[in-house]
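1. Have a look at this prediction, sequence included:
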Amino acid sequence: MAFSHGYGKMLDEKYSIEAIRNAYEHGCTFFDTAEVYSLNLAGIGHNELIVGKALKEVRENVVIATKLMPRGMSILGGSMYKKVKEHLMASLDRLQTDYVDIYYLHRTNGVSVEKVAEAMGRLIDEGLIRGWGMSQVDVDVIDRAQKITPLTAIQNIYSMVERDSESEIIPYCMENDIGFVPFSPIASGLLSGKITTETKFEKNDDVRNWVPQLSRSNIAGNQPIVEMLKEFAEKKNATPAQISLAWMIHKYPNVVPIPGSKNKERIIENLDASKVELTEEEFGTLEDSLNGLTVYGHRGLGGF
Ligand SMILES: NC(=O)c1ccc[n+]([C@@H]2O[C@H](COP(=O)([O-])OP(=O)(O)OC[C@H]3O[C@@H](n4cnc5c(N)ncnc54)[C@H](OP(=O)(O)O)[C@@H]3O)[C@@H](O)[C@H]2O)c1
């Protein structure tokens, strides 16, 4: 996402494509994009175009997930299937592929999830998508959709400082064989330990200006969490970002985080979190520490 939207200025396309290919060569097989990832969300498909260029030669070896933003789809008449398919065909074109592995409803935005689920079922039958998912949804919405076309994955915000999904959603997903894909798993950089109260975010299209945990006072308030992570990481010869990812991978069998970065080296650092193994005792220490610390700022399922 950050190559096109959300974290300030875009890098040149050559670097972005190289970074994606470099991740693939390092073993990354799961790539997440969306039709709306473009500067200021102004245009459509910038990120899909980059992902398509980077992965077209290795398409069969990777899992590509993209998302549909149902703008205006609830008010206009006509078949939901046709509208969803129209968005999908445009994404396939930009991604230079015949199918996507996971097609998410990016937000419900007032559309009937039952109708979307039905449309997704038809697209699965046609072989245009291999599975489907929803993003930023609660357990009632998931259950309504699941009854019509079983879901592949739920993509909600989840990190050490955004744990709403732990109470009902992740357990529901586990019981129903649904993958859970945490977005912003490093809390937009907070859990890397690299952000301080002096860090200046970019002026244009930078979500860090409004992520609640990253207001100046909340960065200060959250320091005990960052310090705890730094100390733990040092003992494990890992980085704080890696520990924040290893924690959730250890905690649940169905959780696959998608950390974001527009930096080649940090993408590899985050991928290598999969090599950081926690013992039960280490995991317990992390859980106890987290449960004893206060989180300042909360984004939840409601925000963008
Ligand atoms: N479904 C949704 O509504 C939704 C919403 C948001 C995001 N997403 C998806 O989730 C992905 C990840 O979310 P995200 O990018 O918002 O949050 P994130 O992964 O928690 O954090 C990204 C931020 O952290 C920094 N960072 C990442 N790894 C780092 C490391 N090892 N050391 C230091 N800094 C590090 C990045 O900076 P650098 O770029 O400088 O490394 C960037 O500023 C996105 O790419 C997108 O595909 C989905």
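-> Cool, got the structure.

2. in which helix or strand would I find residue 50?
-> Assigned by DSSP states H and E, residue 50 falls within helix 46-55.

3. quick check: angle from the following helix or strand past that helix to helix 46-55?
-> Next along the chain after helix 46-55, taking DSSP H and E as the criterion, comes strand 63-68. Put simply, strand 63-68 runs at 160 degrees to helix 46-55, going by axes from the mean of the first three to the mean of the last three CA atoms, to 10 degrees.

4. partner strands of strand 63-68, parallel or antiparallel?
-> When pairing is defined by DSSP bridges, strand 63-68 lines up against strand 30-32 (parallel), strand 102-105 (parallel).

5. Could you report the pLDDT at the nearest residue to residue 68 once chain neighbours are set aside?
-> With CB to CB, 6 or more residues apart in numbering as the criterion, residue 68 has its nearest non-adjacent residue at 4.6 Å, and that residue is residue 87. Every C-beta, even on glycine, is put in place using the N, C-alpha and C of the backbone. Residue 87 carries a pLDDT score of 95 in this model.

6. picking that back up, quick check: which of the strands paired with strand 63-68 is nearest to the ligand?
-> The ligand lies closest, by CB to the nearest ligand atom, to one member of the strands paired with strand 63-68: strand 30-32, at 3.8 Å.

7. so, in contact with the ligand or not, the closest one?
-> Yes: Strand 30-32 is in contact with the ligand by CB under 6 Å from any ligand atom, via residue 32.

8. give me the low-pLDDT residue ranges for the protein?
-> With pLDDT under 70 as the threshold, the chain has low-confidence stretches at 74-77, 303-304.

9. which bits of it sit near the ligand?
-> Within the chain, the positions near the ligand by CB under 6 Å from any ligand atom are 1-2, 7, 32, 135-136, 155, 183-189, 192, 194, 241, 258-263, 266, 269-270.

10. Compute the distance from the centre of the helix holding residue 50 to the centre of its chain.
-> Computed by CA atoms, centre = their mean, to the nearest Å, the chain-centroid distance of helix 46-55 equals 17 Å.

11. Residues contacting that helix, please?
-> 1, 3-5, 10, 13, 16-17, 20-21, 24, 31, 33-35, 37-39, 62, 64, 66, 91, 94-97 (CB atoms under 8 Å, 6 or more residues apart in numbering).
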